[in-house]
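Enquirer: 3D, please:
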Amino acid sequence: MRQMTQKTFTATAGGIFALVAVLHLLRLLLGWEAVIGNWYVPAWLSWLVLALGGLLAYTAFTLRGK
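Expert: Numbers count the residues shown, from 1 in each chain. I've put the predicted structure just below:
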């Protein structure tokens with residue numbers, strides 16, 4: 001089995017964080033509801049996850065270039 005390099009790992013992590021951020025952005029723009037069990041996730045939480053996911057994606061892609 002082939003071992004994952006650090007560049008591959010940071011690129012994969014950055015892609016996942018970027019995808020999460022984009023999905024939360026779409027949720028906010030399109031008015032999608034997010035429900036976990038019987039709990040409706042508030043929109044402010046999506047703003048927080050959007051910012052955090054964007055920051056983590058940016059950091060991962062920046063680290064990949066080094």
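
Enquirer: Only C-alpha atoms from now on, for both contacts and neighbour counts.
Expert: OK.

Enquirer: Identify all contacting residues around stretch 53-66.
Expert: When contacts are defined by C-alpha atoms under 8 Å, 6 or more residues apart in numbering, stretch 53-66 is touched by residues 6-8, 10-11, 13-18, 20-21.

Enquirer: Pick out the most distant pair among the residues you listed.
Expert: Spatial extent of those (C-alpha to C-alpha) is set by the pair 6 and 21 at 22.2 Å.

Enquirer: Buried residues, the helix ranked longest in the chain. List them.
Expert: As assigned by DSSP state H, the longest helix anywhere in the chain is helix 6-30. For helix 6-30, a neighbour-count test (16 or more other C-alpha atoms under 10 Å) marks 10-15, 17-21, 24-25, 27-28 as buried.

Enquirer: Stretch 29-46 now?
Expert: So stretch 29-46, judged by 16+ other C-alpha under 10 Å, has buried residues 43, 46.

Enquirer: Next, residue 4: phi, psi?
Expert: Backbone geometry at residue 4, expressed as degrees, to the nearest 10, gives phi -80, psi 130.

Enquirer: rewinding a little: can I get the contacts of stretch 53-66 in TSV including pLDDT and distance to residue 52?
Expert: As requested, the contacts of stretch 53-66 are exported to TSV (pLDDT from 0 to 100; distance: C-alpha to C-alpha, whole Å):
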residue	pLDDT	distance to residue 52
6	89	22
7	90	21
8	91	21
10	94	16
11	93	17
13	95	13
14	96	12
15	97	14
16	97	12
17	97	9
18	97	10
20	96	10
21	97	8
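
Enquirer: could I get those as a markdown table with distance to residue 53?
Expert: As requested, those are arranged in a markdown table below (distance: C-alpha to C-alpha, whole Å):
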| residue | distance to residue 53 |
| --- | --- |
| 6 | 20 |
| 7 | 19 |
| 8 | 18 |
| 10 | 14 |
| 11 | 14 |
| 13 | 10 |
| 14 | 9 |
| 15 | 10 |
| 16 | 9 |
| 17 | 5 |
| 18 | 6 |
| 20 | 6 |
| 21 | 5 |
